[in-house]
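Student: with the sequence up front, the predicted model follows.
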Amino acid sequence: NGVRHQALNTLARLDHGAGIPSLMELARGGSDTWLTRESVQALAHSGDPRARGYLRSVVERAELPDELLAIAIRGVGREFATARDGELLRQVYPKLTSERTKQSVISTLGEMGGSANERWLLGIARDENERASLRRQALQQAKRAGAPMSELVAMYDRTSDPAMKEALISVYVESGERIATDKLISILRSEENRALRRRAISHLGKSEDPRVKEALTKIIDQ
């Protein structure tokens, strides 16, 4: 496949996008799975308007096998992405049936950032009907997209899911912001779930914040 791969790369780099129509034709099908995948991959790295139009149409139909659809989704969200591309990914998400493709949308929107993507990711993180793994991923990506820590702190008391609370604790620890540390101290003092309290204590034990040391000392003295 080395020679074929080199030929595909050469097509993708031809002046004035001369190779894009050939790559689109190769990506549209045939029995050669490797060739189809590599052609979609090449188009996903292109900023040519025709390549991007092809990727958008693929994502909108959501009919390709998971691996190829995931590649197209990531391609739509690369450095050439626009606000409309973000909107397309948010709209197509409910049509997707596999965790792999949904993960691709979530991670891509997190990388794109922006207030619309941030709000959407927070919505997925709050959705108790969504798979737990996707909610946790959406939480991390919402933080990456710029969600305010105040929003993430407020989520803790709105959820009863211990796994989600544990994920939120991890976000607070990674943040280091004062509001996040304050929430960790609050969890340490008042959380009834002992496993979650232990999780908070294990992380706060590394903190140099005098308020943390005071809270830990009070627990020891109880």
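Tutor: Cool, got the structure.
Student: just give me the neighbour total for the residue lying closest to A62 once chain neighbours are set aside.
Tutor: Spatial nearest neighbour of A62, excluding adjacent residues (Cβ to Cβ, 6 or more residues apart in numbering): K95 at 4.9 Å. Glycine gets a C-beta too; all of them are placed from N, C-alpha and C. Neighbours of K95 under the rule other Cβ atoms under 10 Å: 12.
Student: quick check: the gap between K95 and L26.
Tutor: 25 Å (Cβ to Cβ, to the nearest Å).
Student: the residue lying closest to A51 once chain neighbours are set aside: which element?
Tutor: Spatially, and ignoring its direct neighbours in sequence, A51 is nearest to L43 (4.4 Å; Cβ to Cβ, 6+ apart). Secondary structure assignment for L43, by DSSP states H and E: helix 33-44.
Student: circling back to that earlier point, go ahead and confirm the residue nearest to A51 touches L23.
Tutor: Yes. Taking contacts as Cβ atoms under 8 Å, L43 lies within contact range of L23: 5.5 Å.
Student: common neighbours of those two, please.
Tutor: Common neighbours of L43 and L23 are listed as A12, A51 (criterion: Cβ atoms under 8 Å, 6 or more residues apart in numbering).
Student: for the record, mean pLDDT for the helix or strand A7 falls within?
Tutor: Using DSSP H and E, A7 sits in helix 2-13. Across helix 2-13, pLDDT averages out at 83.
Student: elements contacting that helix?
Tutor: helix 20-27, helix 33-44 (3 or more Cβ pairs under 8 Å, 6 or more residues apart in numbering; DSSP states H and E).
Student: could you dump the ones you listed to CSV with mean pLDDT?
Tutor: What follows is the helices and strands packed on helix 2-13, written out as CSV (pLDDT from 0 to 100):
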stretch, mean pLDDT
helix 20-27, 92
helix 33-44, 91
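Student: now the residue nearest the centre of the chain. Nearest residue, chain neighbours left out?
Tutor: Centroid-nearest residue in the chain, with Cα atoms, centre = their mean: S107, separated by 2.2 Å. With Cβ to Cβ, 6+ apart as the criterion, S107 has its nearest non-adjacent residue at 6.1 Å, and that residue is Q141.
Student: I figured the one you found hits S104, correct?
Tutor: No. With contact defined as Cβ under 8 Å, Q141 does not reach S104; the gap is 11.3 Å.
Student: so what's the residue nearest to the centre of the chain scoring on pLDDT?
Tutor: Confidence score, pLDDT, at S107: 97.
Student: contacts only, for it.
Tutor: R74, Q137, Q141.
Student: just to revisit the earlier point, for the helix or strand just after the helix holding L43, packing partners?
Tutor: Where DSSP H and E defines the elements, the next helix or strand beyond helix 33-44 is helix 49-61. In terms of contacts (3+ Cβ pairs under 8 Å, 6+ apart), helix 49-61 is packed against helix 20-27, helix 33-44, helix 66-76, helix 83-92.
Student: out of those, which gets nearest to G205?
Tutor: helix 66-76 (38.6 Å; Cβ to Cβ).
Student: run through the protein and note the low-pLDDT ranges.
Tutor: Flagging of the chain using pLDDT under 70 yields the residue ranges 1, 30-31, 220-222.
Student: sorry, back to before: tabulate the helices and strands packed on helix 49-61 (TSV), appending mean neighbour count.
Tutor: Conversion of those to TSV gives the following (neighbours: other Cβ atoms under 10 Å):
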stretch	mean neighbour count
helix 20-27	19
helix 33-44	19
helix 66-76	22
helix 83-92	17
